[in-house]
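Student: Fold the following, please.
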Amino acid sequence: MAGIARKRPGQEWEERIGQYGMIMLRLRTAEMLAFPAMVCGMRACRRARWCQRVFVDDQMPVCCGMLTDEQRQAYDTFLVAAAQVYEAAHRGEYGILYRLVIDRLKDDFRAVTDIVRNALPPGDNGHAHLDAALRARARIDAAAALKRPAGRTGA
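Tutor: Take a look at the predicted model:
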C-alpha cells in the first residue's frame, strides 16, 4: 500500500473545470461545512472562519487533512455535487444544470448552489445560469406546495 497515492476528490473534473475552479470549489466546500472554524489546526483559519492555507502538492485545504472519515465523506460528497453544478453552470449546459438542481440535489441544492456561486469567478455567465435554474426550482416547489391538501405541512 505504500507508494499508492490517494486520489483527491474532484480530480477528474480538474481538466474540465480548470485548476482555479477546483481550488475554489475545495475551499468553498470546506467553508460551507464550517471546517475552518471547527476542525482546522491553523489559528488564522479558525479566527477568520475561512480557509487561508492550501497544501501545494494536492491543492486541498489544510483542514481536510484533519477530518474524521465521516467528515471527509461528507466533504467529498458535497465537492462532487458542487463540481457537477459548477461545470454545468460555467459551460451553460442548461439541461444538465436543471436536472442537477431540480432532480438530483433534493435536500442539499441550496448548499451546493451557494458553494458554486461563491466559487465562480466574478462576472462569469455561470451566475445567470445558476439563477435561472434556481428560479425553475422555485416554480416547481411552489406548484408542489399548491397541490398539497390544506392544513398539511408536508412534515
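
Student: okay, now the closest residue to residue 74 other than its chain neighbours: neighbour count?
Tutor: Excluding the flanking residues, the one nearest residue 74 by C-beta to C-beta, 6 or more residues apart in numbering is residue 33, at 6.4 Å. Using the backbone N, CA and C atoms, a C-beta is placed for each residue, glycine as well. Counted with other C-beta atoms under 10 Å, the neighbours of residue 33 add up to 20.

Student: Next: residue 41.
Tutor: Neighbours around residue 41, by other C-beta under 10 Å: 11.

Student: can you pull the contacts of it?
Tutor: For residue 41, the contact set (C-beta atoms under 8 Å, 6 or more residues apart in numbering) comprises 62-63, 66.

Student: So which bits of the host helix or strand of residue 80 are buried?
Tutor: Residue 80 belongs to helix 69-91 when assigned by DSSP states H and E. By 16 or more other C-beta atoms under 10 Å, the buried positions in helix 69-91 come out as 71, 75-76, 78-90.

Student: who's in contact with the nearest residue to residue 97 once chain neighbours are set aside?
Tutor: Spatial nearest neighbour of residue 97, chain neighbours left out: residue 88 (3.9 Å); criterion: C-beta to C-beta, 6+ apart. Residues in contact with residue 88 (C-beta under 8 Å, 6+ apart) are 94, 96-97, 100, 129.

Student: hmm, back to that, now secondary structure and distance to residue 105 too, for the contacts of residue 41, in a markdown table please.
Tutor: Shown next, in a markdown table, are these (DSSP: H, G, I helix; E, B strand; the rest coil; distance: C-beta to C-beta, whole Å):
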| residue | secondary structure | distance to residue 105 |
| --- | --- | --- |
| 62 | helix | 28 |
| 63 | helix | 24 |
| 66 | helix | 27 |
